[in-house]
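J.: Structure, please.
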Amino acid sequence: DDLSFQLRLESKCIRAGTEDRAVRSGPYNDFCTFVMPQKGTFRLKLGIMTALIVAPVVPEDQSCQALQHGFDLKNKQMVWPEFLFEPKAPVSKESLTNIEEVLALAYVAVGNKATTETFLLLSISTLRRAGGWRGDVFVVTDRAECIPPSATPVVVPPAPAGSNTTAEKKYGKHFKQRLLQILPVAPHHRYVLYMDMDIFIGSAVGPFLLKAVNDFEASKAAIALLREGTGINGQNDFRRRLRLYHGGMFLVSRGVSSLACLQHWSVWYMSELGADQPQLTKSVKAGACNVSFLEQNSYAQPTNVSAGTYWTFNHFTRTGRMAGQHGLLNEHFSLAGEVLLGLDRELAKCWWNVSSPLCEA
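T.: The predicted model follows:
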């Protein structure tokens, strides 16, 4: 392997010392302090660091406006719910459904920003709780200590020294095309579903995945994809343009056709392209990837119009919707925090602006 991967599956704990709380010093005068639960697993007591708010400094006369947009500039103590840190519940092989036995889910969280934000932690939590998923979940990462105990970290080298933000992001993305080579999947795992870390689950995933696998086999597909820009469920409407394919969620098998498809897609990494999606469309059009389609109606990209309504897969795009596109405001994120993510009201006000309680930036 040209990257000389040394896959390490052992989980690491952050040594939190004797303090139960911490306040970040620095340029922020206004912040929230987060306190970890006092009760929990041994791992929880050893491994969980407090996460600190990054609420912007706002002049006194703008405090009401800031509060309306989800920021509480007073010092508040908030407790992260214990369910976020629960290990994967022990499940006997006999009690797993067929789809849970033959399919593994995978995320990629590589780079300081990707690992220290809360998206991954919350996505996996919704997958387990709302999605009802009891099967294996792998996370390709360069920081195993940032991965919740309900998932298995698959450790890869960090981005090369001196990489800028763009290069680091590109380095992380290229592991999507290497999943079949680096995941420590068991012999009974025949399929892998990749999902971006900013997708939150709103209902049971089993029926969606079962249909996805059945359609995949019926089509003799190499990859199962969502269409991009259909205009369905708040998605961008690109229907007047050339057909595009969405790279934020896909299903592949461990067969040779999927391996060849991912290999063809991976050539984008050595090009000047900053995103992998254009090459995915080229690979499909070139005939390198025979496609079956994932159920489009189960996937949504939230807008201000759909706020409060959630589908099975809800893609709160970190660089788009979470940056205020499509009319989304902090009040919409707060609502999602309570209804979709299961957070209390105070934590729901700023979950997208805090660091993961599992690791430090």
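J.: can you pull out the strands in the stretch 151-300 of the chain?
T.: Using DSSP state E, counting those that start in this stretch, the strands assigned to the stretch 151-300 of the chain run over residues 152-155, 191-195, 199-201, 223-227, 245-253, 291-293, 299-300.
J.: need the contact list for residue 325.
T.: With contact taken as CB atoms under 8 Å, 6 or more residues apart in numbering, residue 325 is in contact with residue 317. C-beta coordinates here come from the backbone N, C-alpha and C atoms, glycine included.
J.: Compute the distance between it and residue 236, please.
T.: Here the distance between residue 325 and residue 236 works out to 10 Å (CB to CB, to the nearest Å).
J.: can you check residue 228 too?
T.: Relative to residue 236, residue 228 is positioned 7 Å away (criterion: CB to CB).
J.: Verify the contact between residue 138 and residue 103 for me.
T.: No: in this structure, residue 138 is not within contact of residue 103 by CB atoms under 8 Å, at 11.6 Å.
J.: intersection of neighbour lists for these two?
T.: Common neighbours of residue 138 and residue 103, using CB under 8 Å, 6+ apart, do not exist here.
J.: just the helices in the protein please.
T.: Ranges of helices within the chain are 42-47, 63-68, 98-102, 112-116, 119-129, 165-173, 179-182, 206-218, 256-265, 277-285, 330-339, 345-348, based on DSSP state H.
J.: Need those in CSV (columns: mean neighbour count, distance to residue 197 and mean pLDDT).
T.: Compiled in CSV, those are given as follows (neighbours: other CB atoms under 10 Å; distance: least, CB to CB, whole Å; pLDDT from 0 to 100):
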stretch, mean neighbour count, distance to residue 197, mean pLDDT
helix 42-47, 15, 20, 34
helix 63-68, 13, 27, 34
helix 98-102, 17, 21, 94
helix 112-116, 20, 7, 89
helix 119-129, 23, 4, 97
helix 165-173, 17, 10, 91
helix 179-182, 18, 14, 97
helix 206-218, 17, 18, 97
helix 256-265, 19, 19, 98
helix 277-285, 19, 17, 93
helix 330-339, 20, 15, 96
helix 345-348, 18, 19, 92
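J.: for the residue nearest to residue 316 when sequence neighbours are not counted, what are its contacts?
T.: On the basis of CB to CB, 6 or more residues apart in numbering, the spatially nearest residue to residue 316 that is not a chain neighbour turns out to be residue 198, at 5.1 Å. Contacts for residue 198 (CB under 8 Å, 6+ apart) come out as 119, 123, 315-318, 322.
J.: Which of the residues you listed sits closest to residue 160?
T.: residue 318 (22.9 Å; CB to CB).
J.: is it true that the closest one touches residue 122?
T.: No: counting by CB under 8 Å, residue 318 sits too far from residue 122 to count as a contact (11.9 Å).
J.: returning to that earlier point: and residue 151, which of the helices of the chain is closest to it?
T.: Residue 151 lies closest, by CB to CB, to one member of these: helix 119-129, at 5.4 Å.
J.: Not counting its own residues, what contacts that closest one?
T.: Contacts made with helix 119-129 from outside it, assessed by CB under 8 Å, 6+ apart, are listed as 83-84, 88, 105, 107, 109, 114, 133-134, 137, 139, 146-148, 150-151, 195, 197-202, 205, 316, 318, 340-342, 351, 356-358.
J.: now the residues you listed: which count as buried?
T.: The neighbour-count test (16 or more other CB atoms under 10 Å) applied to the contacts of helix 119-129 identifies 84, 88, 105, 107, 109, 114, 133-134, 137, 139, 146-148, 150-151, 195, 197-202, 205, 316, 318, 340-342, 351, 356-358 as buried.
J.: Nearest residue to the residue nearest to the spatial centre of the chain in space, please, no chain neighbours.
T.: The residue lying closest to the centre of the chain (CA atoms, centre = their mean) is residue 197, at 0.9 Å. When the adjacent residues along the chain are set aside, residue 197 lies closest to residue 120, with 4.2 Å between them (CB to CB, 6+ apart).
J.: ok, that neighbour to residue 282 distance?
T.: Plainly put, residue 120 is 29 Å away from residue 282 if you go by CB to CB.
J.: Check residue 300 too.
T.: The spacing between residue 300 and residue 282, counted by CB to CB, is 27 Å.
J.: cool, residue 245 as well?
T.: Here residue 245 is placed at a distance of 10 Å from residue 282 (CB to CB).
J.: residue contacts, residue 307?
T.: 328, 332, 335-336.
J.: now this protein, which segments are flagged as low pLDDT?
T.: Low-confidence regions of the chain, defined by pLDDT under 70, span residues 1-78, 239-243, 361.
J.: List the buried residues of stretch 291-300.
T.: Neighbour-count burial for stretch 291-300 [16+ other CB under 10 Å]: 291-292, 294-295, 298-300.
J.: quick revisit: in strands, which of the contacts of residue 198 fall?
T.: Under the assignment DSSP state E, the contacts of residue 198 contribute residue 315 to strands.
J.: Residue 220: which of the contacts of residue 198 is nearest?
T.: Of all those, the one sitting nearest residue 220 is residue 315; the distance, using CB to CB, is 27.9 Å.
J.: That closest one - how many residues pack around it?
T.: 24 (other CB atoms under 10 Å).
J.: That one touches residue 234, doesn't it?
T.: No: applying CB under 8 Å as the test, residue 315 and residue 234 come out as separate, 9.1 Å apart.
J.: Between these two, which contacts overlap?
T.: Listed contacts common to residue 315 and residue 234 are 300-302; contacts here mean CB under 8 Å, 6+ apart.
J.: Tabulate those in JSON lines, adding columns for distance to residue 158.
T.: JSON lines is the format used below for those (distance: CB to CB, whole Å):
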{"residue": "300", "distance to residue 158": "33"}
{"residue": "301", "distance to residue 158": "30"}
{"residue": "302", "distance to residue 158": "32"}
